[in-house]
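Colleague: generate a structure from the sequence data that follows.
(chains A, B, C and D, ligands or ions: 2)
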Amino acid sequence: MEITKKIIEKHGLKESEFKKIKKLLKRNPNLLELGIFSAMWNEHCSYKSSRIHLKKLPTKSKNVIQGPGENAGVIDIGDNDAIVFKIESHNHPSYIEPYQGAATGVGGILRDVFTMGARPIALLNSIHFGSPDHYKTKSLLNGVVSGIGGYGNCIGIPTVAGETKFNETYNENILVNAMAVGHAKKNKIFYSKAKGLNKSVVYVGSKTGRDGIHGASMASAEFDKNTEEKKPTVQVGDPFTEKLLLEACLELMKDDSIIAIQDMGAAGLTSSSVEMASKGSLGIELDLEKVPCRENNMTPYEMMLSESQERMLIILEDGKENYAKDIFKKWDLDFVVIGKTTDTKKLVLKYNNEIKGEIPIEALALNAPIYDREWSKKDISKINLNLKNLKKINLLDSLIKILSSPNHSNKSWITNQYDQMVMCDTLQRSGSDAAIIRIHNKDKAIAVSVDSSANYCRSHPISGGKQIVCENWRNLISVGAKPIAITNCLNFGNPENKEVMGEFTECLQGIKEACEYLEYPVVSGNVSFYNGTNKKNIYPTPVIGGVGLISKISKPLNHNIKSNDNHIILVGKTFGHLEQSCFLKENYSIIDGMPPQVNLQNEKNNGEIILKLIGENLILSAHDISSGGLLVALSEMSIGTKFGIKIEKPKNLGSLSEYFFGEDQSRYLIEVDKNNLASIEKILKDNNIFFENIGITQNEYFEVVDEFKIKIKELYKINNEWYNKY
Amino acid sequence: MKFSVTVTLKKDVLDPQGKVVENTLDNLGFKNLKSIRQGKFFEIEINENDQEKAKNTVKEMCEKLLVNLIIEDYKINKL
Amino acid sequence: MKFSVTVTLKKDVLDPQGKVVENTLDNLGFKNLKSIRQGKFFEIEINENDQEKAKNTVKEMCEKLLVNLIIEDYKINKL
Amino acid sequence: MKSSVIVFPGSNCDRDIALALEKMQFKNSMVWHKETFLPKSDLIVIPGGFSYGDYLRSGAIAGKSLIIDEVIKAAKSGCLVLGICNGFQILTETGLLEGTLLRNKNLKFINRDVNIKVLNNKTNFTSKYEIGQILKINIAHNEGNYFTNSKHLEQLNKENLIAFKYCDENGNVNNQSNPNGAIENIAGIFNQKKNILGMMPHPERMIDKLISNTDGVNLFSSLIN
Ligand SMILES: Nc1ncnc2c1ncn2[C@@H]1O[C@H](COP(=O)(O)OP(=O)(O)O)[C@@H](O)[C@H]1O
Ligand SMILES: [Mg+2]
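Modeller: Residues are numbered from 1 along each chain as shown, chains lettered A, B, ... in the order given. Ligands and ions are numbered 1, 2, ... in the order given. The predicted model follows:
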């Protein structure tokens, strides 16, 4: 069959790329081979537009066991315990079919974590929707949330944290990023590098169907009469089978049977086999007629490109086949030896003993195209924000506007749909700055949080990139955890667009600077380009997922006020930065100006001192100040408790709104006992930390002296209304 | 006027439920079971005497709410 | 031989799902909807040529697994 | 006291309940669903989770598994049986408990801490609680909307077979304090002999102050007596 221009195009390959394929093969590819190239060389698998930039990120520290490049990142948390984690996007599938898209997103990221020998212990998600008024938003929100819950609840892993945002930039392209965190023994981590010749390559898990054979399969349909039947289909998640696969894999991993293991994610059998062979500098030969199939008459092309879920590829030690097979049989899963490792450094695909495709592994992996795409610096045109002329509004009204807005409303409508408690190690559930998960049977814990700030990143990508890393760092510190490492999901528009590529490059620059300064390395991540439609790209939305360590559990710390008559101290300096603030957005619909700047030195000092105070048990509750500023953060500490705060305005106050709603960075609020006040103030002074003692906790009322006084119950209602009415 | 609607998963779409039900029936000893597909069923009654119109209304209900057209097919029958 | 089975909730059993569907259709402006009942639908194929026998097998499947007789009714149709 | 936890494919609270039982000094064994032999035990627990994915109906397929015949035999001969969440659903599917669990009224999965009230403390499961005591216990389910026919409901009330009802923090049993639409706010019931308890809330999640509270402890300490 002749490979026409149209077929090449439908496979998403550029003409130059096709030429390169011919050169590497020294001949024309057949359709199967073309499909395989297109799968391996697409953006998702090859990182062709991002790779040179990602290389700049810091990926090492004394705690990092495995950085980017494996299924997930691995960090050392002491006593032979390791934490394995990664975040991944499932944006496009979730827009098409929100329930299944989100569900399979969760399933996919879980496999990345348990392939490495870790038992997943927590799930997180970052979800971004279009404007609440957009006709699709409501059903997308419903579908995505129940999909995330549906998968996590069924498989029995708690979904403990996340973020949910609305912004019209996502009207036609929502973001669904899922993060999984697992626990492994440091000396029992499994990798994907193949080793040894003639080893069995084993297929385990669900059967292969015609799921998610993307544009690629449409091309193939043209050559078939049954076009209708072969339409690419949406992937449906099967959390039940994944649970079986998880238990079966972990059971097999107790032994030393596995040489290498890799989940079949994007580009299924193709990428898993090529990656294992490439890492081990080996070849792989597969007998495709042995692949367990769900439908009749599946072609080698379909088998190699199917993205059916809940499948793994394993390379086994000699003689372990029967032992392993028994385990998978116990869990009612398919287990078939479908091939072997070879020394040819080629991917050889046979069907009933006939060779259907033969490609040098290097051509698919190492020789995949890499682009240094053109990019342009963000043009920071002069900003003419004249805040002096804004209509005066009252402090309480502004606060209410923010607390009742979709982005700041209480998220329990969402989090109540997730099982947060299963596994019985959730020390801090959703609702605080970070969730806390205990390491099973130990007296230590990890804290986890995901964060993003698309508006900041859009207005000034370098500052924005820096800011999210810091905000994420701060969230972990606020619950008393020492931040260890991050994973990141980089959601951007079309990389062939100069401005988008500029946003990407500059955001990464910011992320890099912050990670380096805070010694907060990147150990895994995912890039999602081409978010947008009709040349309209989404705002740059890098999402940071952080993991921190609490090495000795005492009482888990959160941001809820604990009792009355305690002092509230504001740590860090308030300048009153209102540009890009939530105050201007919710009250005046102004989204303009520069994001607040982070001073990395202050960030580090303030954070470390907070950790020190927490470590000495001097803090009753802690909260970082982020979007919404001081007053919003204070009300978040009160809402959900019986205690409010009475705040005195500072003596020489310039502007009320700047002080109470400014989004200056690196600030924390802490609640402290009167009796500890002196020693805390001394520690802060001795370390040259700027702080203000701003008020006292009290029963029932939230109050700014001379401005307003409101019942906590009222605030609670205001904050909880939106989702229930939507 | 009364209609029944049956909704089934499109061919080629993974049907985790069907698979488990099939295995269970097999385990229960139903060896002559060839295949089983599961779907949804609606019985809809509407106040409308014109059959053409009524059927169109049911169709609209299906496409707007009852059926997920991305993964499901449906059939309408007059009762 | 092929059969279809429809399973519906008994009349006196609360049907939360049906209620929500009904309300939603109403909100979507389907004002002439009189009633809607939701249930499950199975398409079962069995290797058996004797219709009587085949139907009995399907019936047994229903009573043993597919239907919760406490709350559900079912109907079998030859296709 | 010896306990057995039945593990189905898709069970996911099996580890949690086993840990709770061990902490409360039970000698516990895990029993895989394909076994046909049940070790001698004083208590059988059917844990929460999504057995067989809860496909078809929650608990339906587990209700047909090999081991379940042994559970039924043991239950009929008086062995204590506790079904939590999915376990409750399985018990109704086997007929060991009457009634059924429908979709939550709001058609959503619900996970949160709710208040329940102890209605009967003259049983092996609840003797350590006070009558009317209010417990704060976590629920996590899609199908917890208990339903039964009026005859059985009458029997439940007359013979004092309702173990727990959902209520508010002051003990009021009403619509506002009913999370899932269960008939008469029922959160858990006994069989007529009171050797079987099915309940939607998860007591095994409430035995550790660090993660929640200790309101579930007395259920286990009632049993160990
Ligand atoms: N989709 C979601 N899934 C789980 N938890 C969520 C989700 N969205 C928000 N949350 C939780 O709601 C709380 C508030 O979120 P957010 O305002 O983003 O916190 P922060 O500003 O501290 O990062 C957090 O505890 C977060 O984990
Ligand atoms: Mg925070």
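
Colleague: okay, now the unreliable bits of the stretch 151-300 of chain A?
Modeller: Within the stretch 151-300 of chain A, the stretches with pLDDT under 70 are A:214-232.

Colleague: for it, which segments count as helices?
Modeller: In the stretch 151-300 of chain A, the helices defined using DSSP state H, counting those that start in this stretch lie at A:215-221, A:239-253, A:268-279, A:300-305.

Colleague: closest one to ligand 2 among these?
Modeller: Ranking the helices of the stretch 151-300 of chain A by proximity to ligand 2 (Cβ to the ion) places helix A:239-253 first, at 30.0 Å. In this view, the C-beta of every residue, glycine as well, is placed from N, C-alpha and C.

Colleague: where in chain B is pLDDT low?
Modeller: In the predicted model, chain B carries no residue with pLDDT under 70.

Colleague: most distant residue from the middle of it?
Modeller: Within chain B, B:G29 marks the point farthest from the mean C-alpha position, 26.7 Å out by Cα atoms, centre = their mean.

Colleague: what count of nearby residues applies to the residue of chain D found nearest chain B?
Modeller: Nearest residue of chain D to chain B: D:Y55, at 4.0 Å (Cβ to the nearest Cβ). As a burial measure, D:Y55 scores 23 neighbours (other Cβ atoms under 10 Å in any protein chain shown).

Colleague: B:T24 is in contact with that one, correct?
Modeller: No - the criterion here is Cβ atoms under 8 Å, and D:Y55 misses it with B:T24 at 9.1 Å.

Colleague: still on that earlier bit, what about the residue of chain D closest to chain B, distance to ligand 1?
Modeller: From D:Y55 across to ligand 1, the span is 25 Å (Cβ to the nearest ligand atom, to the nearest Å).

Colleague: show me the contacts for that residue.
Modeller: Contact analysis of D:Y55 by Cβ atoms under 8 Å, 6 or more residues apart in numbering or on different chains lists A:F240, B:P16, B:Q17, B:V20, B:V21, D:I61.

Colleague: out of those residues, who has the most neighbours?
Modeller: Most surrounded of the contacts of D:Y55: other Cβ under 10 Å gives D:I61, at 26 neighbours.

Colleague: quick check: that residue touching D:F50?
Modeller: No - with contact defined as Cβ under 8 Å, D:I61 does not count as touching D:F50 (10.7 Å).

Colleague: alpha carbons of the longest strand seen in chain B, in CSV - could you do that?
Modeller: The longest strand of chain B (DSSP state E) is strand B:33-46. Output of strand B:33-46 as CSV, limited to C-alpha atoms (Å, rounded to 0.1, in the frame of the first residue of the first chain):
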residue,chain,number,x,y,z
LEU,B,33,-24.2,-18.1,27.2
LYS,B,34,-22.8,-16.7,24.0
SER,B,35,-22.7,-13.0,24.8
ILE,B,36,-24.4,-10.4,27.0
ARG,B,37,-24.6,-6.7,26.5
GLN,B,38,-25.9,-4.4,29.1
GLY,B,39,-27.5,-1.0,28.6
LYS,B,40,-30.1,1.4,29.9
PHE,B,41,-33.8,1.3,29.4
PHE,B,42,-36.3,4.1,29.6
GLU,B,43,-40.1,4.0,29.4
ILE,B,44,-41.3,7.5,28.4
GLU,B,45,-44.9,8.7,28.3
ILE,B,46,-45.7,12.0,26.7
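
Colleague: for that strand, name the packing helices and strands.
Modeller: Packing partners of strand B:33-46 (3 or more Cβ pairs under 8 Å, 6 or more residues apart in numbering or on different chains; DSSP states H and E): strand B:2-9, helix B:16-27, helix B:51-61, strand C:2-9, strand C:33-46.

Colleague: got the angle for that strand vs helix B:16-27?
Modeller: 130 degrees (axes from the mean of the first three to the mean of the last three Cα atoms, to 10 degrees).

Colleague: neighbouring strands for strand B:33-46, and are they parallel or not?
Modeller: strand B:2-9 (antiparallel), strand C:33-46 (antiparallel) (DSSP bridges).

Colleague: who wins for proximity to A:I538 among these?
Modeller: If you check each of those against A:I538 by Cβ to Cβ, strand B:2-9 wins as the nearest, at 31.8 Å.

Colleague: any buried residues in stretch A:339-359, and which?
Modeller: Within stretch A:339-359, the residues that count as buried by 16 or more other Cβ atoms under 10 Å in any protein chain shown are A:339-342, A:345-351, A:356-359.

Colleague: scratch that, stretch A:616-635 is what I was asking about
Modeller: A:618-635.

Colleague: please list which of those also come close to ligand 1.
Modeller: By Cβ under 6 Å from any ligand atom, the members of the buried residues of stretch A:616-635 lying near ligand 1 are A:S626.

Colleague: so which of the buried residues of stretch A:616-635 reach ligand 2?
Modeller: Contacts with ligand 2 within the buried residues of stretch A:616-635, as defined by Cβ under 5 Å from the ion: A:D624.

Colleague: all helices in chain D, in order from the N-terminus.
Modeller: Under the criterion DSSP state H, helices of chain D are mapped to D:14-23, D:66-76, D:86-94, D:150-158, D:217-224.

Colleague: from the chain's centre, how far out does stretch A:172-180 sit?
Modeller: Distance of stretch A:172-180 from its chain centroid, counting by Cα atoms, centre = their mean, to the nearest Å, is 8 Å.

Colleague: ranges for the strands of chain D?
Modeller: D:2-7, D:27-32, D:43-46, D:80-84, D:100-102, D:110-118, D:134-141, D:145-147, D:162-167, D:186-190, D:196-199.

Colleague: and the fourth one, what does it pack against?
Modeller: Yep, that's strand D:80-84 we're talking about. strand D:43-46, helix D:66-76, helix D:86-94, strand D:196-199.

Colleague: tell me the strands beside it, with direction?
Modeller: Paired strands of strand D:80-84, with direction, are strand D:43-46 (parallel), strand D:196-199 (parallel) (DSSP bridges).

Colleague: tell me how far that strand is from the chain's mean position?
Modeller: 6 Å.

Colleague: compute the inter-axis angle for it and helix D:66-76.
Modeller: Going by the same axes, to 10 degrees, strand D:80-84 makes 130 degrees with helix D:66-76.

Colleague: I'd like the average pLDDT over strand D:80-84.
Modeller: For strand D:80-84, the mean pLDDT works out to 98.

Colleague: restricting to C-alpha, output that strand in PDB.
Modeller: Presented in PDB, the C-alpha positions along strand D:80-84 are these (Å, rounded to 0.1, in the frame of the first residue of the first chain):
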ATOM      1  CA  LEU D  80     -21.500 -12.800  64.400                       C
ATOM      2  CA  VAL D  81     -21.400 -11.100  61.100                       C
ATOM      3  CA  LEU D  82     -20.500  -7.500  60.400                       C
ATOM      4  CA  GLY D  83     -21.000  -5.900  57.000                       C
ATOM      5  CA  ILE D  84     -19.700  -2.400  56.500                       C
END
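
Colleague: got the contact list for that strand?
Modeller: By Cβ under 8 Å, 6+ apart, the residues outside strand D:80-84 that reach it are D:13, D:17, D:42-48, D:71, D:74-75, D:89-91, D:96-97, D:124-125, D:195-204, D:223.

Colleague: kindly report the residues of chain D close to chain A.
Modeller: Selection of chain D residues close to chain A by Cβ under 8 Å from any Cβ of the partner chain yields D:9-10, D:12-13, D:15-16, D:19, D:34, D:48-50, D:52-55, D:108-112, D:138, D:140, D:142, D:202, D:204-205, D:208, D:210-212.

Colleague: quick one: A:L252 from A:K330, how far?
Modeller: Between A:L252 and A:K330 the computed distance is 11 Å (Cβ to Cβ, to the nearest Å).

Colleague: still on that earlier bit, now distance to ligand 2 too, for the helices and strands packed on strand B:33-46, in CSV please.
Modeller: Listed next are the helices and strands packed on strand B:33-46 as CSV, based on distance: least, Cβ to the ion, whole Å:
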stretch, distance to ligand 2
strand B:2-9, 42
helix B:16-27, 37
helix B:51-61, 44
strand C:2-9, 45
strand C:33-46, 42
